Structures are given as structure tokens and as C-alpha cells.
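Chemist: model the structure of this input:
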Amino acid sequence: MAAATLGVVGCTGRLGWGIGFCGAALERAGSDYLQVEVSERSMQYPRKLVEGGAFQGQVVQEVVCTDPLDCSNKCLRMERTARVADLPAPETCALCQV
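Modeler: I've put the predicted structure just below:
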């Protein structure tokens, strides 16, 4: 039954209703960090996709999105091209359907 539910939710999420979670931060819980939940604090806009700072001596610019489409577009761009210091797309893009 769980497989059927996951299949339906996963398929319908690609139709666009899941775009609201794009850019939301994930929180890990439990002693083994296997439980993951969406942070309620990260559900408001603007959402911070990338924290600004320095990584291996290179400055990493802060990336903020203002709405679901903006978040989706920025995450798609970060998935396709490497960021500063060859970093992959941030964890906040994990819930985007790219």
C-alpha cells in the first residue's frame, strides 16, 4: 500500500503541486539522522538557497529566491552548472523537481 501511495504522490508531484517545497530546508532528527522533515521556518519567502560566506578561500555569494518559480529556476540552473569552487547544487534544492 505504501508503494502505491508513494507512486501516486511522486507522479502527481511532477505535475507542479510539489513546487511549493522547492528551496525549503531539511532538518535531520534522531540519533542516526535517518528521519528528515521540512523546516517550518524555511517555508516563508524569501527563501535562502545558499548561505553566503567563504569556501576554500573563494567567496560564495548568498542566493535567495522570492517565489516558487524563482526557486525552481535557480535550483535548475545550479543543477546544470557547477557553482563557485565546483560545489554541487545546495541541499535546499533537494525537494525541487528538476
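Chemist: assign Ser72 to helix, strand or coil.
Modeler: When classified by DSSP: H, G, I helix; E, B strand; the rest coil, Ser72 comes out as helix.
Chemist: pretty sure it sits against Phe21.
Modeler: No: Ser72 lies out of contact with Phe21 (Cβ atoms under 8 Å); the separation is 10.3 Å. For the C-beta atoms, the positions are set from N, CA and C on the backbone; glycine is no exception.
Chemist: so what sits against both of those two?
Modeler: The contact sets of Ser72 and Phe21 overlap at Cys96 (Cβ atoms under 8 Å, 6 or more residues apart in numbering).
Chemist: which ones are touching Ala24?
Modeler: By Cβ under 8 Å, 6+ apart, the neighbours of Ala24 are 38-39, 42-43, 47, 92, 95.
Chemist: swap that for Val50, sorry
Modeler: Applying Cβ under 8 Å, 6+ apart to Val50 gives the contacts 60-63, 83, 90, 92.
Chemist: ranges for the helices of this protein?
Modeler: 2-13, 68-80 (DSSP state H).
Chemist: please name every helix or strand in contact with the last one.
Modeler: Which is helix 68-80. Judged by 3 or more Cβ pairs under 8 Å, 6 or more residues apart in numbering; DSSP states H and E, helix 68-80 is in contact with strand 47-50, strand 63-65.
Chemist: list of residues touching it?
Modeler: Contacts of helix 68-80 (Cβ under 8 Å, 6+ apart): 19-20, 22-23, 47, 49, 63, 65, 89-90, 92-93, 96-98.
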